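Student: Model the following, please.
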Amino acid sequence: MDNKKEYQALFSETLAKIDSENKNLTKMNILVSGKSGVGKSTLINAVFGEELADTGVGKPMTNKIKLIAKKGFPIQIYDTVGLELKATKFDVKSILKVISKNDIKKLIQKKQKTKGVDDDIHVAWYAISGNSARIEKVEIDLINWLINQGIPVILVLTKSFDQTESKRLKRELLDVVPRASAVVRTLAKPSDTTDAFGVEELIETTFDVLPDGINTAFVHSQSACIELKKREAQKVVTSSMAKNFGIGFAPLPGMDAPLMMGAQTAMIAKITNIFGVDVRKKQIETIILSMLGVYGAMIAGKSLAGGIAKLVPGIGTIGGGLISGSVGMVITGALGRTYIELMTLVVTKKVDLSAITPNELTDLLVSLMPKFLPNFPKQLKMK
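Tutor: As a prediction, this is how the structure comes out:
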């Protein structure tokens with residue numbers, strides 16, 4: 001795998017797979033509702049790590065609803081603005097009469113008429129000030145109406161500066177709206193006396209109520225819960241380990257290395273997608289080439305800085321021969337977990353890709369790997 005053309009082909013394949021992963025994300029739609037001034041915009045920006053709700057990416061859908069969407073972002077947010085609820089009797093006949101006057105209900109009905117899963121409202125966050133004395137009946141009626149439409153509703157207590165008051169309100173909401181998927185207390189922005197909290201819990205709770213396929217777009221787009229990204233990325237590594245276990249028993253000596261590296265490109269692509277790293281930035285090339293270079297050196301039994309190859313029994317004697325499934329699985333797991341660690345450093349801005357050289361990045365990857373290798377079960381036997 002020293003041939004430059006082979007590396008370039010693998011690099012191009014990896015970029016193509018990353019691009020495909022991004023393009024094939026099923027769009028997710030969130031309805032963010034609640035009365036004016038409860039902090040919906042702050043909540044949205046905290047979850048997605050961008051000033052989405054305060055910029056020009058939103059366009060009016062109705063007088064009361066703004067669609068927040070932008071190119072390359074697989075989440076569409078329907079943000080109610082200036083919402084003021086008036087008391088209405090919510091029996092069936094009254095709902096039918098008021099439906100044409102309520103922007104939220106008109107939106108839901110319009111979405112329900114379409115057949116595509118991309119058009120559904122997949123979850124609703126109903127925001128209530130955590131310092132409110134109570135929730136009004138008209139709000140309860142609207143929340144129950146949303147639930148009756150089959151939409152998971154998470155009640156979000158925003159601006160929960162007063163812990164005692166917000167906990168009391170949470171208990172009340174669990175009693176009066178028992179069918180809500182969850183009640184989550186949050187403080188999206190820290191105050192002078194209280195650290196921000198609750199946003200990660202909201203993200204985890206939202207992920208749990210989303211259907212498979214839809215939740216992938218959410219993991220990709222949210223930026224506040226890195227642990228969720230790492231957990232989902234680890235599932236990819238586990239799957240890749242199993243695949244490379246089989247590839248390791250390739251029948252033709254010397255053919256298993258490129259096969260295994262080809263399988264690695266899919267793992268790298270999926271993990272990159274989960275962390276939402278922008279492949280359009282030139283620095284991604286440095287990451288991918290460094291990953292492939294380290295991987296190629298390991299499966300070829302070449303020495304690496306820090307003696308990584310020595311940590312995997314048998315790897316130094318492989319040469320051009322057959323690589324066992326166990327060795328291939330260990331290498332894949334170590335590289336995958338190392339890549340997760342690198343992506344974590346990138347998205348948390350602890351590593352600046354624009355300021356690191358390829359050699360420095362390779363050294364960083366090699367330095368991270370040893371802490372993952374000892375985590376494999378001792379019963380793993382190397383052929």
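
Student: Leu157 - that's part of a strand, no?
Tutor: Yes. Looking at Leu157 with DSSP: H, G, I helix; E, B strand; the rest coil, it is inside a strand.

Student: Do a quick rundown of the strands in this protein.
Tutor: Counting by DSSP state E, one finds strands in the chain at the ranges 28-34, 58-60, 65-68, 75-80, 123-129, 153-158, 182-185.

Student: Remind me what the last one packs against, helices and strands.
Tutor: The one in question is strand 182-185. strand 153-158, helix 163-176, helix 199-209 (3 or more C-beta pairs under 8 Å, 6 or more residues apart in numbering; DSSP states H and E). Using the backbone N, CA and C atoms, a C-beta is placed for each residue, glycine as well.

Student: and among the ones you listed, the most buried is which?
Tutor: Comparing the helices and strands packed on strand 182-185 by mean neighbour count (mean count of other C-beta atoms under 10 Å), strand 153-158 comes out on top with a mean of 25.

Student: that older thread, just so I know, which of the strands of the chain lies nearest Ser239?
Tutor: strand 28-34 (22.5 Å; C-beta to C-beta).

Student: if we look at the closest one, which residues are touching it?
Tutor: With C-beta atoms under 8 Å, 6 or more residues apart in numbering as the test, strand 28-34 has contacts from 40, 43-44, 74-80, 83, 104, 107-108, 111, 118-128, 142, 146, 151, 156, 158, 210, 214-215, 217-218, 221.

Student: With just CA atoms, put that strand into CSV.
Tutor: C-alpha atoms of strand 28-34 as CSV (Å, rounded to 0.1, in the frame of the first residue of the first chain):
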residue,chain,number,x,y,z
MET,A,28,-35.6,15.5,10.4
ASN,A,29,-38.3,18.0,11.2
ILE,A,30,-38.7,19.6,14.7
LEU,A,31,-41.6,21.8,15.9
VAL,A,32,-40.4,24.2,18.6
SER,A,33,-43.4,25.8,20.2
GLY,A,34,-44.3,27.8,23.3
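
Student: could you check the angle strand 75-80 makes with it?
Tutor: Counting by axes from the mean of the first three to the mean of the last three C-alpha atoms, to 10 degrees, strand 28-34 lies at 20 degrees to strand 75-80.

Student: Okay, now the sheet partners of strand 28-34, with direction.
Tutor: Note on strand 28-34: by DSSP bridges, its sheet partners are strand 75-80 (parallel), strand 123-129 (parallel).

Student: For it, give the mean pLDDT please.
Tutor: In this model, strand 28-34 carries a mean pLDDT of 93.

Student: For it, which residues meet the burial criterion?
Tutor: Using 16 or more other C-beta atoms under 10 Å as the test for burial, strand 28-34 gives 28-34.

Student: okay, these in CSV with distance to Gln264 next?
Tutor: CSV is the format used below for the buried residues of strand 28-34 (distance: C-beta to C-beta, whole Å):
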residue, distance to Gln264
Met28, 28
Asn29, 34
Ile30, 34
Leu31, 39
Val32, 39
Ser33, 44
Gly34, 45
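
Student: Taking those residues together, which two end up most distant?
Tutor: Met28 and Gly34, at 19.4 Å, using C-beta to C-beta across the buried residues of strand 28-34.

Student: just so I have it, where are all the helices in the stretch 251-383 of the chain?
Tutor: If DSSP state H, counting those that start in this stretch is used as the criterion, the helices of the stretch 251-383 of the chain fall at 256-275, 283-299, 325-347, 358-368.

Student: Setting the sequence-adjacent residues aside, check what's closest to Lys270.
Tutor: Excluding the flanking residues, the one nearest Lys270 by C-beta to C-beta, 6 or more residues apart in numbering is Val236, at 4.5 Å.

Student: these two touch, right, that neighbour and Met267?
Tutor: Yes. Val236 is within contact range of Met267, at 5.9 Å (criterion: C-beta atoms under 8 Å).

Student: what is in contact with these two at once?
Tutor: Counting by C-beta under 8 Å, 6+ apart, the residues touching both Val236 and Met267 are Gly336.

Student: Among those two, which residue is more densely surrounded?
Tutor: Met267 (24 against 20; other C-beta atoms under 10 Å).

Student: give the contact list for that one.
Tutor: 236-237, 240, 332, 336, 339.

Student: Against Ser239, how distant is it?
Tutor: From Met267 across to Ser239, the span is 8 Å (C-beta to C-beta, to the nearest Å).

Student: ditto for Ser12
Tutor: 23 Å.

Student: What of Gln264?
Tutor: 12 Å.

Student: Between the two, which has more neighbouring residues?
Tutor: Gln264 (25 against 15).

Student: pLDDT weak spots in the stretch 101-250 of the chain?
Tutor: For the stretch 101-250 of the chain, applying pLDDT under 70 flags the ranges 101-102, 105, 109-118, 244-250.

Student: Show the contacting residues for Lys189.
Tutor: By C-beta under 8 Å, 6+ apart, the neighbours of Lys189 are 42, 46, 196.

Student: Mind checking which of these land in helices?
Tutor: Applying DSSP state H to those, the entries found in helices are 42, 46.

Student: just the contacts of Lys189 now: which is nearest Asp352?
Tutor: For these, the nearest to Asp352 is Ala46 (23.3 Å; C-beta to C-beta).

Student: give me the number of residues near that closest one?
Tutor: 25.

Student: Then Glu227?
Tutor: Neighbourhood size, Glu227 [other C-beta under 10 Å]: 11.

Student: From Glu204, how far out is it?
Tutor: Counting by C-beta to C-beta - Glu227 and Glu204 are separated by 8 Å.
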